[in-house]
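Engineer: I'll drop the sequence and a predicted model, then ask my questions.
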Amino acid sequence: AQSVTQPDIHITVSEGASLELRCNYSYGATPYLFWYVQSPGQGLQLLLKYFSGDTLVQGIKGFEAEFKRSQSSFNLRKPSVHWSDAAEYFCAVDSGGGADGLTFGKGTHLIIQP
Amino acid sequence: EPEVTQTPSHQVTQMGQEVILRCVPISNHLYFYWYRQILGQKVEFLVSFYNNEISEKSEIFDDQFSVERPDGSNFTLKIRSTKLEDSAMYFCASSAGDHEQFFGPGTRLTVL
């Protein structure tokens, strides 16, 4: 069965500093990979996705992620965080079937220090 | 921009009661999903629905749960006899089949 690991439960970053959130997945083939963001009391917003091709993908709000097959990783990055980036971030994997549900990681809670 | 909508935003019910959570997926989407997020925990897949039948379901989706697409626009999740542990945020999602799922804002279910 596929699984997603987000090793950092909480991360605190100063405003303006760079950010990297880690995500590792376990799946036999190349999965479809996603990062979602959830603000308090809100739903899930898709930040970016990787299906194939260029392993560095750009998303909304200045985020990017890099797929590394050799490390089974899909880490999320942002060069300079803003206070509005404070939220819960979820990495997710889709095994590839059209009707398959996404498997989510436990999430990383991002705190922005002024 | 088209979006997934869910009603109600918050539902409070007594243990043992039936609840129906409603979702309106994006109009040209063909795949529909329900997920659950217990407070402070990760989002968990419940069920997917395609061509008027369940395509896949998780072990969480037991006999107390059912889904239905009663008309051309709504997609519902019914919990027959709610338990305290059913208290969670329930998210509906839809997809055109291209692996990108669009999520609704969620319904917070509180079982007392």
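Structural biologist: Alright, I've got the coordinates.
Engineer: Tell me the residues of chain B that contact chain A?
Structural biologist: B:31, B:33, B:35, B:41-50, B:55-56, B:58, B:91, B:95, B:97, B:99-106 (C-beta under 8 Å from any C-beta of the partner chain). Glycine gets a C-beta too; all of them are placed from N, C-alpha and C.
Engineer: what do you get if the cut-off is 6 Å, keeping everything else the same?
Structural biologist: Proximity of chain B to chain A, by C-beta under 6 Å from any C-beta of the partner chain, involves residues B:31, B:33, B:42-43, B:45, B:48, B:50, B:55-56, B:97, B:99, B:103-106.
Engineer: residues contacting the residue nearest the centre of chain B?
Structural biologist: Residue closest to the average C-alpha location in chain B (C-alpha atoms, centre = their mean): residue B:34, at 3.5 Å. By C-beta atoms under 6 Å, 6 or more residues apart in numbering or on different chains, residue B:34 lies in contact with B:46, B:47, B:77, B:92.
Engineer: would you turn those into TSV with secondary structure and neighbour count?
Structural biologist: Shown next, in TSV, are the contacts of residue B:34 (DSSP: H, G, I helix; E, B strand; the rest coil; neighbours: other C-beta atoms under 10 Å in any protein chain shown):
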residue	secondary structure	neighbour count
B:46	strand	20
B:47	strand	22
B:77	strand	25
B:92	strand	28
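Engineer: In which helix or strand does residue B:76 reside?
Structural biologist: Element membership for residue B:76 (DSSP states H and E) is strand B:75-79.
Engineer: Show me the residue sitting in the middle of chain A in space.
Structural biologist: Mean-position check on chain A, C-alpha atoms, centre = their mean. Result residue A:35 at 3.4 Å.
Engineer: now whichever strand or helix holds it: how far from the chain's centre is it?
Structural biologist: Here residue A:35 sits within strand A:32-38, counting by DSSP H and E. Between the centre of strand A:32-38 and the centre of its chain there are 5 Å (C-alpha atoms, centre = their mean, to the nearest Å).
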